[in-house]
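Engineer: Here's my sequence, what's the structure:
(4 chains)
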Protein chains: 2
Amino acid sequence: MKDQDGSITADDVAVLAGVSRWTVNRAYKKEASISVKSREKVMKAAETLGYVPDLLATSLATDRTNLVALLVDDFANPHKLVMMERLTRILRKSGYDTLLVNTSDEEDASAALLNASQRRVDAAVLIGVSFNDQSLEAALGAKRVKKLIVFARMSGNDNTISICCDDSASMTALTQYVFSAGYRNPVFIAGPQTQSAHLQRKEVFLSQWERTAGKRPDFLPVGSYDPKMAYDLIAKTFRGLAKSELPDVLVCENDALAMGAIDAIRYELGLQVPGDIAVTGFDDVPQAASPHYELTTYRQPLTDMAKALVDVLEGKSNSKDLNTFLGRLVTRESA
Amino acid sequence: MKDQDGSITADDVAVLAGVSRWTVNRAYKKEASISVKSREKVMKAAETLGYVPDLLATSLATDRTNLVALLVDDFANPHKLVMMERLTRILRKSGYDTLLVNTSDEEDASAALLNASQRRVDAAVLIGVSFNDQSLEAALGAKRVKKLIVFARMSGNDNTISICCDDSASMTALTQYVFSAGYRNPVFIAGPQTQSAHLQRKEVFLSQWERTAGKRPDFLPVGSYDPKMAYDLIAKTFRGLAKSELPDVLVCENDALAMGAIDAIRYELGLQVPGDIAVTGFDDVPQAASPHYELTTYRQPLTDMAKALVDVLEGKSNSKDLNTFLGRLVTRESA
DNA sequence: TTGTAGGCGTTATCAT
DNA sequence: ATGATAACGCCTACAA
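Structural biologist: Down below sits the predicted model:
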């Protein structure tokens, strides 16, 4: 045994087990040519010494960290918690650890990406939205992040792998539901308007609705995916308006906005949901099911998406456009 | 320039800058004896090559990773999101990165601790609650986690550093407020009952109330800090009871439980909050301020606590009992 | 099956 | 101020 705590290396185990250091390391490899007896000896010695292989040294030697950086820029949205839970759990099951990187007070994600690259993460996964494609591209080009993955969002950037719901399919389903439920005067509540706006839920809804109903709806951009901001904006925008001037449904880009919207309709406008104004969301966060919201929304297949992420990490998935999933509409009382 | 992407080392920079490899590394150290000119040359060369120091190799050589593991076992509680945001941001500002470890499906945290130790984290921070002191102690003894910190919870374990609100002071304040607001028949809604139950909020409340009102209140343990579980339990427990049999206030161990309680009172029991049953929480999560909950609760000074964590990491704080903070009561409409 | 070099990219320490 | 040696703990590739 060595002197201090925690400095037990393969060498120490080798001595105790009476084998060479390399045999010790081999004992920890799945398909290594090593005799059962040797492995047993090694494992027993390791057990008594409290030895565990050092992942730092392993990573340095193999150029593989089994580390994934999760970049999150928006902690007001409860769906982030759901995604983090799912991702960390499934990544862990596949042997990956997760670096949680908070990019909420940075202009763009490139500084965070740089930092992650210094830790040699196997991939950086963006669960945020306020990134812009250009800075991403720059970061990806210059730095050494091996893979850049945009999760739960489409990305227009070709160097990026996007794992997400098909915005077109999901919003089309939502549009059809809203229309066939009889609503005729929707307003779309959008999140922050980033530069790469193509393919967004907003665009799909506006054009789909126009095609269906013959009129392009208005939309309201909220500064961030924060229920409070949605609340304030909706209160300010619609307060004092006559019923005839109000929309009959607010189609929200996600549940965070929708929950703020519902509260504002009830507590600021003094109106009923869905009686006066209906509301739809996107994500199906846990709170959406509560009797207070009863939110009609769209659920993404997070587990499948997380598994797809693992496939991408392990190089099993190559074609970039296969990582588009279909979720399902969850209809409740809010619309 | 070397061949592939991302494999630029200090050697490459050294060649381009016309200095030795060690000078390159020195250029990145704050107080290193290096000439301004050399540093400039190095930085310029690094810039054109896109060199950044490798943190993996640094950690291996220095035995300091600047990595902190955050163990979280409960993703249904929105306060976790708040804590994660605050901690990651403040840790980052001090040069630490955060490993997010999901321990929600593990019996105890020791397996997660083992894994973190293999990455040589500088510290493991527990933001969960369903740990038991014994397994922690075992893990701390056997493995090489340098520091084990329990955040936002008291811990009875001496080998553990606890950074939290003073449960006694906070619950006393809450107790006094509830009593002086005229409530006389409280029930405490508790979280999972772990082994080390001493010093918990529940105990403080029960004994404080007994001292004040002369009667030890009942309490109801919920299986996890999940609003839904609180909702179900409260619905099941109180449904069909006569008004005289109902409590007049539910003192909840945290906001997650309180929010479930409020929903259950309104939507399952058909009663008013606070008119029929009042509710208090703990944490002051963002949702607590919404007009729907208007929750009377207790806010912890998270930023100060996070800074204290940094102090502990940097060895500036030694005495274990100084890391107890005072928060403040936030009174709203729910009680 | 087992042992041996050499290397991963950095830092501590000593020498110049 | 700068250069050089050894070490951090492990892995790949090769030799025995």
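Engineer: what's the angle between the strand or helix carrying A:Arg86 and helix B:78-93?
Structural biologist: Assigned by DSSP states H and E, A:Arg86 belongs to helix A:78-93. Interaxial angle of helix A:78-93 relative to helix B:78-93 (axes from the mean of the first three to the mean of the last three C-alpha atoms, to 10 degrees): 70 degrees.
Engineer: residues making contact with the helix or strand following helix A:78-93?
Structural biologist: Next in sequence after helix A:78-93, counting helices and strands by DSSP H and E, comes strand A:97-102. Strand A:97-102 has contacts (C-beta atoms under 8 Å, 6 or more residues apart in numbering or on different chains) with A:66-73, A:75, A:84, A:87-88, A:91-92, A:112, A:115-116, A:119, A:121, B:70, B:84-85, B:88-89, B:92, B:97-102, B:115, B:119. Where you see a C-beta, it was placed from the backbone N, CA and C, and this is true even at glycine.
Engineer: now the closest residue to A:Met259 other than its chain neighbours: how far from A:Ala288?
Structural biologist: Distance criterion C-beta to C-beta, 6 or more residues apart in numbering or on different chains; nearest residue to A:Met259, sequence neighbours excluded, is A:Pro227 at 4.8 Å. Noted for A:Pro227: a distance of 12 Å to A:Ala288, by C-beta to C-beta, to the nearest Å.
Engineer: what residues are shared contacts of the two?
Structural biologist: By C-beta under 8 Å, 6+ apart, the residues touching both A:Pro227 and A:Ala288 are A:Met259.
Engineer: sorry, back to before: so how far is A:Gly191 from the residue nearest to A:Met259?
Structural biologist: Here the distance between A:Pro227 and A:Gly191 works out to 12 Å (C-beta to C-beta).
Engineer: Touching both of those two, which residues are there?
Structural biologist: Listed contacts common to A:Pro227 and A:Gly191 are A:Leu257; contacts here mean C-beta under 8 Å, 6+ apart.
Engineer: and the closest residue in space to A:Gly327 that isn't next to it in sequence, how many residues sit next to it?
Structural biologist: In this structure, A:Gly327 finds its nearest non-sequential neighbour in A:Gln300, 4.5 Å apart by C-beta to C-beta, 6+ apart. Using other C-beta atoms under 10 Å in any protein chain shown, A:Gln300 has 21 other residues around it.
Engineer: what's the answer for A:Glu294, then?
Structural biologist: 18.
Engineer: same check, this time on A:Ser38
Structural biologist: Neighbours around A:Ser38, by other C-beta under 10 Å: 18.
Engineer: if I pick it, what's in contact with it?
Structural biologist: Here A:Ser38 is in contact with A:17, A:19, A:23, A:26-27 (C-beta under 8 Å, 6+ apart).
Engineer: now for those residues, which pair is the farthest apart?
Structural biologist: A:Ala17 and A:Arg26 (11.7 Å; C-beta to C-beta).
Engineer: Residue numbers of the stretch 1-150 of chain A in contact with DNA strand C?
Structural biologist: A:19-23, A:26, A:33-35, A:37-38, A:57, A:60-61, A:63 (C-beta under 7 Å from any atom of the strand).
Engineer: Looking at these, spot the one nearest B:Ser244.
Structural biologist: A:Ala57 (68.2 Å).
Engineer: what's the closest non-adjacent residue to that closest one?
Structural biologist: B:Leu60 (5.9 Å).
Engineer: that older thread, name the residue in A:Ala17 and A:Arg26 with the higher neighbour count.
Structural biologist: Neighbour count, other C-beta under 10 Å: between A:Ala17 and A:Arg26, A:Ala17 has more, with 24 against 17.
Engineer: Measure how the helix holding A:Arg86 sits relative to strand A:97-102, angle-wise.
Structural biologist: Going by the same axes, to 10 degrees, helix A:78-93 makes 160 degrees with strand A:97-102.
Engineer: Which elements pack onto helix A:78-93?
Structural biologist: strand A:67-72, strand A:97-102, helix A:255-267, helix A:302-313, helix B:78-93, strand B:97-102 (3 or more C-beta pairs under 8 Å, 6 or more residues apart in numbering or on different chains; DSSP states H and E).
Engineer: For the ones you listed, give me a markdown table that also has distance to DNA strand D.
Structural biologist: Converted to a markdown table, the helices and strands packed on helix A:78-93 look like this (distance: least, C-beta to the nearest atom of the strand, whole Å):
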| stretch | distance to DNA strand D |
| --- | --- |
| strand A:67-72 | 15 |
| strand A:97-102 | 16 |
| helix A:255-267 | 43 |
| helix A:302-313 | 17 |
| helix B:78-93 | 24 |
| strand B:97-102 | 19 |
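Engineer: Turn those into CSV, including distance to A:Glu333, mean neighbour count and mean pLDDT.
Structural biologist: Formatted as CSV, those follow (distance: least, C-beta to C-beta, whole Å; neighbours: other C-beta atoms under 10 Å in any protein chain shown; pLDDT from 0 to 100):
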stretch, distance to A:Glu333, mean neighbour count, mean pLDDT
strand A:67-72, 31, 25, 96
strand A:97-102, 35, 24, 96
helix A:255-267, 11, 27, 98
helix A:302-313, 24, 20, 95
helix B:78-93, 22, 21, 96
strand B:97-102, 32, 25, 96
